[in-house]
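Peer 1: got a predicted model here, sequence first, then my questions.
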Amino acid sequence: ADESVPTAGCTFEEDSDPNQCEYSQGEDDDFDWELIRSYLMPHLTPDLPHGSYLMVNSSQHSPGQKAHLLFQALSENDTHCLQFSYFMFSRDGHSPGTLSAYVRVTGGLVGSAVWNASGSHGRQWHQAELAVSLFWPSEYQVLFEAVVSSERRGYLGLDDILLLNYPCSKAPHFSRLGDVEVNAGQNATFQCVAAGKAAEAERFLMQRQSGEVVPAASVKHISHRRFLATFQLEAVSKAEQDLYRCVTQSPRGAGVSNFAELIIPPPPLPPPQLLRAGSTYLIIQLNTNSIIGDGPIVRKEIEYRMTSGPWSEVHAVNMQTYKLWHLDPDTEYEISVLLTRPGEGGTGKPGPPLISRTKCAEPMRAPKGLAFSEIQSRQLTLQWEPLGYNLTRCHTYTVSLCYRYFVGSGHNQTFQECVKMERNANRYTIKNLLPYKNIHVKLILSNPEGRKEGKEVIFQTDEDVPGGIASESLTFTPLEDMIFLKWEEPVEPNGLITQYEISYQSIESSDPAVNVPGPRRTVSKLRNETYHVFSNLHPGTTYLFSVRARTGKGFGQTALTEITTNISAPTFDYGDMPSPLSESESTITVLLRPAQGRGAPISTYQVIVEEDRPKKLKRELGGQECFPVPLTFDDAVSRGSVHYFGAELPASSLTEAKPFTVGDNQTYSGYWNPPLEPKKAYLIYFQAMSNLKGETRLNCVRIARKAACKESKRPLEVSQHSEEMGLILGICAGGLIVLIILLGAIIVAIRKGKPVNMAKATINYRHEKTHMMSAIDRSFTDQSTLQEDERLGLSFMDTHGYGNRGE
């Protein structure tokens, strides 16, 4: 052991000053060093030396296991030397393990070993020195490490760790190593100057704090006790920026320099800060107060680019804030700061980037080119220009298609809707529209900053077949042989009405003579004609009418209605009034012919007898020629009527012409047919009646006239009865003369104021008349002249107030 007095150290002796020795066992190792005091161990193995020291028995541990010993923290106020003794022995020459020394700057990494020894070095102590040149205020700590070898034989010992206050004699001392600054891509050179005796076996190394080792490029002896070791790093980059130190290694010890920094052009530590963002600008703060590397900073620059773009731009900046102009809206940018110091390649790499996005800008305009690609009656397919970023000026936008159209006939209601389009769509189909409508369409482009509304464009949907005409709009007026029909335009014309088509067909008739169903007929009307008169129809017949409208697309639905014509009065097959078949004083036989029903079958026949009186006494028909009110004979007598119903015959009883005797004193369907008065003249009427659904039609015809009995209508047989004819004419002439004389006498008597025996005169008249009538009946002569004379006489008597009474 050296007898010089150390300033600090550990001899591990029992009586040593504990204040001089500060060490500790490691915490991250596998086992601890063992303290040996040989005088306390009587059975100590002869392989170990005597004394007090720390020892590792390799045979007691596994290969590769470690034991750490940490010496106290030291600082170099002046040149000093750390001296220690080590023991490495194995009886059979095997290596007990490896003993290494590490110098760790306080707060730094352990790094690489600055000294190590391995193998068996004999059963003796060896001395080594550590010349650590670490300058105030830095501190360092020496760590000793024993690693068990794979042979696991022998012992490793450590003793007398002493801090001496003079230079080491077995290891050189390094002068202060300065920082090296180079620009990116250049070579960095470290020059280490050492003083002391360097052995030939001395190794010169440069250690990086992270643990890498760089061998010396050259070692140059300046004098017999000073030398210069040069280390070179080729084309350095940011990745190589670190702390480096120089180390000499030999079995006798190691020299260790301070750490120096390799400085590369300074990039900022934090990214720039965003102060404000607009749609076309970004205002940033450089935030360059904290940088990597030393100055001087001669230039500050901003590098920016689109995150998704291939280009980048660099702007020089002379202030702490900067505004980037003319940027694209709604675009993400990466912005970094570049710092430059003097020298070629003095610009550092970009600092951490600020990633920021500009705001959206108001759309440039609304989409253009709105046009149709297909028009149908109930849908409309539209298209417009594709929208680019230069138009939307934002990646988040919406396109809305708004449309409206009037509904109803009065244009007082509007249907409107806006539909949001799918992204990147420039085509849309509007469905469920109404035909032949003006559709008002516009496009609206909007983004978070605003909206642009396009002009309204009007499109017209195509025509479609019209809707059906409402059945309730069909109005009609039926007559006997014609129908007036009126309709209205469809509620939904769905286009321009060009034509109306009306079809009709007889489907039912109460007239057996009408064939049903009849042929179908069609009438076409112009668009402004919504009515028609259908003529030449059958009475009492039901027709099915169908009305439909037409546009350019075809016919619409059909409106149906059934209309029945009114029935007509029956018709008779009589020409002029026929002659009776036979005639007596109280009867007359006529030929009844069946009537023809028009629209309804004949329901009843009636025979009407009317007394043939002077014109003014006849029934007043009030313009009606037939007899709508049935009247029996008794009712006629009580009412003073001039006519009565002599018979009512069912239609089934008169399927063909048949004779009928008026006055046969029979009853027909409740009507008495009394004998006719011979002295009266009668008119015989034949009436037919049709009835259908409460509607009645009558028609009547005069079929005979029966004169009073003296006015026999029997034909004169001149050729066979010429003698009787002469007699009759003579009698009539004589009767007229007598009548004239009587009338003259009456007039004279009246004028003279003498009373006249009218009863006698009347009796005589009647007597004469009786004789004349019997003669007429016997001779079957014509009586028309006498009849007229009688009428004149009666009229005259009635005029002058004479009756059957005497006065």
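Peer 2: Received the coordinates, thanks.
Peer 1: and Gly599, how many neighbours does it have?
Peer 2: 27 (other CB atoms under 10 Å). C-beta coordinates here come from the backbone N, C-alpha and C atoms, glycine included.
Peer 1: pLDDT score for Ala569?
Peer 2: Ala569 carries a pLDDT value of 90.
Peer 1: quick one: buried residues of stretch 180-197?
Peer 2: By neighbour count on 16 or more other CB atoms under 10 Å, the buried set for stretch 180-197 is 180-184, 186, 188, 190-196.
Peer 1: what is the nearest of these to Leu401?
Peer 2: Ala184 (57.2 Å; CB to CB).
Peer 1: distance of the closest one relative to Lys300?
Peer 2: Distance of Ala184 to Lys300, given as CB to CB, to the nearest Å: 17 Å.
Peer 1: what bridges to the residue most central in space within the chain?
Peer 2: Within the chain, one residue has its C-alpha closest to the average C-alpha position: by CA atoms, centre = their mean, that is Val419, at 6.9 Å. For Val419, the beta-bridge partners under DSSP bridges are Leu401.
Peer 1: just the ones of the buried residues of stretch 180-197 in helices?
Peer 2: Residues of these located in helices (DSSP state H): none.
Peer 1: from these, pick the one nearest Ser506.
Peer 2: Set against Ser506, the nearest of the buried residues of stretch 180-197 by CB to CB is Ala184 (110.9 Å).
Peer 1: Ile263 is in contact with the closest one, correct?
Peer 2: No: applying CB atoms under 8 Å as the test, Ala184 and Ile263 come out as separate, 11.0 Å apart.
Peer 1: state whether Val637 is indeed within a helix.
Peer 2: Yes: looking at Val637 with DSSP: H, G, I helix; E, B strand; the rest coil, it is inside a helix.
Peer 1: how far away is it from Val629?
Peer 2: For Val637, the distance to Val629 - CB to CB - is 16 Å.
Peer 1: who has more neighbours out of these two?
Peer 2: Using other CB under 10 Å as the criterion, Val637 and Val629 rank with Val637 on top: 11 against 7.
Peer 1: for the more buried one, which residues are in contact?
Peer 2: Residues near Val637 by CB atoms under 8 Å, 6 or more residues apart in numbering: Tyr644.
Peer 1: and it, how far from Pro674?
Peer 2: 10 Å.
Peer 1: for Gln83, same thing?
Peer 2: Gln83 is 183 Å from Pro674, where distance means CB to CB.
Peer 1: neighbour count: those two, which is higher?
Peer 2: Using other CB under 10 Å, the more surrounded residue of Gln83 and Pro674 is Gln83, with 24 against 18.
Peer 1: residues touching that one, list them.
Peer 2: By CB under 8 Å, 6+ apart, the contact list for Gln83 reads Asp2, Pro6, Gln127, Ala128, Glu129, Leu130, Asp160, Ile161, Leu162, Leu163, Leu164, Cys168.
Peer 1: partner strands of the helix or strand harbouring it, with direction?
Peer 2: Gln83 belongs to strand 81-89 when elements are defined using DSSP states H and E. The strands beside strand 81-89 in its sheet (DSSP bridges) come out as strand 125-132 (antiparallel), strand 155-164 (antiparallel).
Peer 1: of all the residues in whatever helix or strand comes next after that strand, which ones are buried?
Peer 2: Counting by DSSP H and E, the next helix or strand C-terminal to strand 81-89 is strand 97-105. Going by neighbour count (16+ other CB under 10 Å), the buried part of strand 97-105 is Gly97, Thr98, Leu99, Ser100, Ala101, Tyr102, Val103, Arg104, Val105.
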